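*Asks:* 3D, please:
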Amino acid sequence: MWMIVTLADAHTCVRVCYSNDHRGLSSDIIAEHIIPHIMNGPVYKIKEIQASVKQEFHCDVSYKKAWYARRRAIDILYGDWPTSISQLPTYIEELQLSNPGTVVVWDHHPLSTPSGISFDYIFWAFAPAIQVFRHLKPIICVDGTFLKGPYRGKFLVAIGFDANNSMFLLAYALVDEENNRSWPWFMRLLHIHVCGDVQNICIIYDRHHGIINAMRTLEEWQEPLGVHRFCLIHIRSNFIQKFKCERLKNLMYAAGVANQPRKYEDFMNVIFSINPEVYAWLTGGSVRPEQWALCAKMGDIVGGTYPQI
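*Replies:* The predicted structure is shown next:
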């Protein structure tokens, strides 16, 4: 039993620290406070969270605590990483039910058991994308990017283009890494389920060894059945890393986007006069002109008007 005998309205004790980050104000409490803001959009800046907590609770919170609070609020509203991964089969099943004709291909891990099946790769393409591809330009760009969070996978995508040069997403895949196994698997399914009987498709990609290997080993994508081109942006990045010359980089890019053979040859002549080594790299050393230049065609190097090496 205890009883309050004195109540001091004003505290006169000296603060032992200069921090106003109250220990009782946990990230869970802050998460409950900011949930209405997260519902309006998950992009809620840390500085805004700190200002809101200061106004509501009259306490300062560290950047780390505010970050964890936002992460916790997003998990409460949308589910955490393990929940999202566990719901992937259900999500894919709903995609197929709501989009009849959608193609989904699972590739289960070879060590999976009947009681514990774990997927290794998954590929899907929506029915409208499959149906419309034959009306698009015969051009496909493929690329991959990394996933954030504890599950470090890679996301592969294929993009088509309509008559207005607007992008049209064709197919997707979740894999573990971009390598000589995942890219051939993705490119084979892309040809089977999306491309169909469309011939002479131009594939544009970066110089990733997995994609290059797929283009060389898959019979359906080998030239002349398919046309292989490199993304000029990636070529420019590789170029500047190798030669470290801003002027040559600009000349190379200008030659790549030139829509007239005369202009392309003029740019290549200037490159040759500045650095023959760069010219050799662009005309058959690491890449061929028809792989990166809009105007270059097979055989241009042999019969062109610009200098020969």
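
*Asks:* what residues sit buried inside stretch 245-253?
*Replies:* Residues of stretch 245-253 classed as buried: 248-249, 251-253 (neighbour count, 16 or more other CB atoms under 10 Å). Quick note: C-beta positions are derived from backbone N, CA and C, even for glycine.

*Asks:* so where does Thr145 fall, helix or strand?
*Replies:* Element membership of Thr145, judged by DSSP states H and E, is strand 139-146.

*Asks:* low-confidence regions, the chain specifically.
*Replies:* By pLDDT under 70, the low-scoring segments of the chain are 11-21, 42, 111-117, 285-286, 297-309.

*Asks:* domain ranges for it?
*Replies:* 27-79, 85-230, 232-303 (automatic domain parsing).

*Asks:* does Lys154 really touch Val175, like I thought?
*Replies:* Yes - with contact defined as CB atoms under 8 Å, Lys154 and Val175 form a contacting pair (5.2 Å).

*Asks:* neighbour-wise, which of these two wins?
*Replies:* Just comparing Lys154 and Val175: by other CB atoms under 10 Å the higher neighbour count belongs to Val175, 23 against 17.

*Asks:* where do the strands of the protein begin and end?
*Replies:* Taking DSSP state E to define them, one finds strands in the chain at 103-108, 119-125, 139-146, 154-161, 167-175, 201-205, 226-230.

*Asks:* contacts only, for Gly226.
*Replies:* If a contact means CB atoms under 8 Å, 6 or more residues apart in numbering, then Gly226 has 200-203, 215, 220 as its contacts.

*Asks:* ok, back up a step: and of the domains of the chain, who's closest to Asp9?
*Replies:* Comparing the domains of the chain by their distance to Asp9 (CB to CB), the top pick is domain 27-79, with 16.8 Å.

*Asks:* how long is the closest one end to end?
*Replies:* Start and end residues of domain 27-79 are separated by 17 Å (CA to CA, to the nearest Å).

*Asks:* in this model Val175 seems to touch Phe146, though I could be wrong.
*Replies:* No - under the criterion of CB under 8 Å, Phe146 makes no contact with Val175, lying 10.9 Å away.

*Asks:* what touches both of these two?
*Replies:* Shared contacts of Phe146 and Val175, counting by CB under 8 Å, 6+ apart, come down to 153-154.

*Asks:* rewinding a little: got any residues that touch both of Lys154 and Val175?
*Replies:* Residues touching both Lys154 and Val175 (CB under 8 Å, 6+ apart): 144, 182.

*Asks:* now do the phi/psi pair for Asp80.
*Replies:* phi -90, psi -180 (degrees, to the nearest 10).

*Asks:* ok, back up a step: need the strands of the chain in a markdown table (columns: distance to Val43).
*Replies:* Shown next, in a markdown table, are the strands of the chain (distance: least, CB to CB, whole Å):
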| stretch | distance to Val43 |
| --- | --- |
| strand 103-108 | 30 |
| strand 119-125 | 27 |
| strand 139-146 | 19 |
| strand 154-161 | 20 |
| strand 167-175 | 22 |
| strand 201-205 | 31 |
| strand 226-230 | 34 |
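
*Asks:* tell me which of these lies nearest to Trp2.
*Replies:* strand 139-146 (58.3 Å).

*Asks:* top of the contacts of Gly226 by number of neighbours, please.
*Replies:* Top of the contacts of Gly226 by neighbour count (other CB under 10 Å): Ile203, with 23 neighbours.

*Asks:* my read: it touches Ile159, true?
*Replies:* No - between Ile203 and Ile159 there is no contact, the gap being 11.1 Å when judged by CB under 8 Å.

*Asks:* name the residues contacting each of the two.
*Replies:* 140-142.

*Asks:* that older thread, so which elements touch the strand holding Thr145?
*Replies:* Contact analysis of strand 139-146 by 3 or more CB pairs under 8 Å, 6 or more residues apart in numbering; DSSP states H and E lists strand 154-161, helix 182-190, strand 201-205 as its packing neighbours.
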